[in-house]
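Q: Quick one: sequence plus predicted model below, questions after.
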Amino acid sequence: MPEGHTIHRAARDHAGMIGGKVIAAISPQGRFATGAALIDGTTCEGTGAIGKHLLYHFSNGQTLHIHLGLGGYFVCQPQPADAPREVVRIRLESATHAIDIIGPNTCELMPTPEVEVLTLRYGPDVLSETPDPARAIAAIRKSRAPIARLLMDQKVISGIGNIYRAEILWLQRLNPMTRGADISEEALLALWTEMRRLLQIGVETNAIITTGDLDTTGTNITERTNIFAREVCPACNGKITKSKLSGRTLYHCPSCQAEPVHKNVHTGPK
Ligand SMILES: [Zn+2]
């Protein structure tokens, strides 16, 4: 599953390939033939991303909404592009590039008002051009769920995947089980600012880099992490704890990210 920065990166790259240009749209697989015909011959007016949702806006008021899901992917080529493979759900083609979308979970056209509904259905996107941390912070502070679960809840906040979750909580020295309601507004704003900074690095480098070392020359790394999938904490040399939360592996350092003290818990004698 791609993390949020990859979809923002794709939105930016694809805008450079088809944005402002008349496009041809076909569905080599046939499953999206009707949809493709509706946008064929229109101009792509731009792209956008909300978390893991990628949007392409067209001059006839239609928006193509793509969610890759677990197995979907893009293949982009400069022109002249090879003939599309039969598995391609939709090919978007400009005079300069072809973008093939293969195996997406969601591939649908939406008129503009529905796009607005989609935007409101999800928590604010960390990488949005009009960031709205207050909405995410309010949703977190209203909840007694652990922060580790809230960060991955796309209704609360969009764009955080499993790797960023582990890294951001460690960088902020927050225990993953701390309840949303127990975290101060100030700490959540610091968390948001850190997430935005790291995801922006992700878009720029096309890799998840959460350490200070941003140099990617001569490498093709996709990850450079502090504690995710690691054994030893780089800050205290203690052992990293690996556990499960909502079916996903969670990493944290039990000494750097101490257990939260729950407020309102009765600890005295009965
Ligand atoms: Zn540690």
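A: Arrived safely, thanks for sending.

Q: Arg85: neighbour count?
A: Number of residues near Arg85 (other CB atoms under 10 Å) recorded here: 12. No exception for glycine: its C-beta is placed from N, CA and C like everyone else's.

Q: was I right about it contacting Asp100?
A: Yes - applying CB atoms under 8 Å, one finds Arg85 in contact with Asp100, separated by 7.5 Å.

Q: By proximity to the ion, which residue of the stretch 51-200 of the chain wins?
A: Residue nearest to the ion within the stretch 51-200 of the chain: Trp170 (7.8 Å; CB to the ion).

Q: Now do the same contact list for that residue.
A: If you count contacts by CB atoms under 8 Å, 6 or more residues apart in numbering, Trp170 has them with 226-227, 233, 251-253, 256-257.

Q: Next up, identify which helix or strand it is on.
A: helix 162-171 (DSSP states H and E).

Q: Quick check: buried residues in the helix or strand that that helix is followed by?
A: Next helix or strand after helix 162-171 toward the C-terminus (DSSP H and E): helix 185-205. Buried residues in helix 185-205, counted by 16 or more other CB atoms under 10 Å: 187-188, 191-192, 194-196, 198-199, 201-203, 205.

Q: Could you provide these in a markdown table, with additional columns for pLDDT and distance to Arg135?
A: Listed next are the buried residues of helix 185-205 as a markdown table, based on pLDDT from 0 to 100; distance: CB to CB, whole Å:
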| residue | pLDDT | distance to Arg135 |
| --- | --- | --- |
| Ala187 | 95 | 17 |
| Leu188 | 97 | 12 |
| Leu191 | 96 | 14 |
| Trp192 | 97 | 10 |
| Glu194 | 94 | 18 |
| Met195 | 95 | 14 |
| Arg196 | 95 | 14 |
| Leu198 | 94 | 20 |
| Leu199 | 93 | 17 |
| Ile201 | 93 | 23 |
| Gly202 | 91 | 22 |
| Val203 | 91 | 21 |
| Thr205 | 89 | 28 |
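
Q: For Tyr56, state which of these is nearest.
A: Ranked by distance to Tyr56 (CB to CB), the buried residues of helix 185-205 are led by Val203 at 17.8 Å.

Q: pretty sure the closest one contacts Arg9?
A: Yes - at 4.9 Å, Val203 counts as touching Arg9 under the criterion of CB under 8 Å.

Q: Tell me the residues of this structure that contact the ion?
A: Counting by CB under 5 Å from the ion, the chain comes close to the ion at 233, 235-236, 238, 253, 255-256.

Q: Swap in 8 Å and give it another go.
A: Residues of the chain lying close to the ion by CB under 8 Å from the ion are 170, 227, 233-238, 240, 253-257.

Q: buried subset of the residues you listed?
A: The buried subset of the residues of the chain next to the ion - by 16+ other CB under 10 Å - is 170, 227, 233, 240, 253, 256-257.

Q: So which of those residues belong to helices?
A: Mapping these onto helices (DSSP state H) picks out Trp170.

Q: possible to save the buried ones among the residues of the chain next to the ion as CSV with pLDDT and distance to Phe74?
A: Shown next, in CSV, are these (pLDDT from 0 to 100; distance: CB to CB, whole Å):
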residue, pLDDT, distance to Phe74
Trp170, 97, 31
Ile227, 95, 30
Cys233, 97, 36
Ile240, 97, 33
Cys253, 97, 36
Cys256, 96, 37
Gln257, 96, 36
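
Q: And for the residue nearest to Gln79 when sequence neighbours are not counted, the neighbour number?
A: Spatial nearest neighbour of Gln79, chain neighbours left out: Thr96 (5.7 Å); criterion: CB to CB, 6 or more residues apart in numbering. Close neighbours of Thr96, defined as other CB under 10 Å, add up to 12.

Q: Thanks again, I'm all set now.
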